[in-house]
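Enquirer: Sequence plus predicted model, see below.
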Amino acid sequence: MRRDNERPDVYVTTHRTFQTEYVGYGWPGSGWGYWGYYGYSYYAEPVVVGTLTVDIVKAATGELLWRGVSERDMHTTSSPEHRLERISKEVSKIFKKYPTGTVATSGRETPQPTGR
C-alpha cells in the first residue's frame with residue numbers, strides 16, 4: 001500500500017474500546033472460625049481490556065474490505081513510551097493476518113505480487 005491523498009483507493013480507520021472485566025481468584029479453605037464454618041474464599045479483581053479494531057474500507061463505495069481486531073489487557077499505570085510500544089506491537093500483530101499475494105488496484109496501475 002502507498003499513501004495517495006489525491007485519489008485514495010481505501011481508507012484505514014481505527015476504533016478503540018475499553019471494558020472492565022473481573023478476574024476471579026479462589027482457594028479452598030474450610031474449618032470453624034469466629035463467625036462459624038467457612039468453605040471457599042473468592043476474590044475478584046478488575047482488569048481493563050482494550051479492543052483495537054482496524055478497518056480497511058473501499059474509498060469509492062464505503063464497502064468494508066478487511067477488518068483486523070486485537071484484544072489485550074491494558075496497563076493503566078504504564079508510561080506513555082511503554083504504551084506506544086505496546087500499541088505498535090498490537091498493530092503489527094493485527095496486520096500479520098492481512099491477506100497476502102497480488103495487490104488489487106483501482107486500475108491506475110498494474111497489480112504486482114507482494115513477494116510474501
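Expert: Nice, I can see it. Numbering: from 1, shown residues only.
Enquirer: any low-confidence regions in this protein?
Expert: In the predicted model, the chain carries pLDDT under 70 at residues 1, 25-42, 101-116.
Enquirer: quick one: the strands in it?
Expert: 10-33, 36-58, 64-73 (DSSP state E).
Enquirer: Any chance of those in a markdown table with mean neighbour count as columns?
Expert: (C-beta placed from N, C-alpha, C; glycine too.) Converted to a markdown table, those look like this (neighbours: other CB atoms under 10 Å):
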| stretch | mean neighbour count |
| --- | --- |
| strand 10-33 | 10 |
| strand 36-58 | 12 |
| strand 64-73 | 14 |
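Enquirer: As TSV, the ones you listed with distance to residue 82 would be great.
Expert: TSV is the format used below for the strands of the chain (distance: least, CB to CB, whole Å):
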stretch	distance to residue 82
strand 10-33	17
strand 36-58	14
strand 64-73	13
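Enquirer: closest to residue 98 out of those strands?
Expert: strand 64-73 (6.7 Å; CB to CB).
Enquirer: Name the residues that touch the closest one?
Expert: Strand 64-73 is contacted from outside by 10, 47-58, 86, 90-91, 93-95, 97-99, using CB atoms under 8 Å, 6 or more residues apart in numbering.
Enquirer: Strand partners (parallel or antiparallel) of it?
Expert: Partners of strand 64-73 in the sheet, by DSSP bridges, are strand 36-58 (antiparallel).
Enquirer: what residues are up against residue 51?
Expert: The contact partners of residue 51, by CB under 8 Å, 6+ apart, come to 16, 17, 18, 19, 69, 70, 71.
Enquirer: run the last query once more with 6 Å
Expert: Contact analysis of residue 51 by CB atoms under 6 Å, 6 or more residues apart in numbering lists 17, 71.
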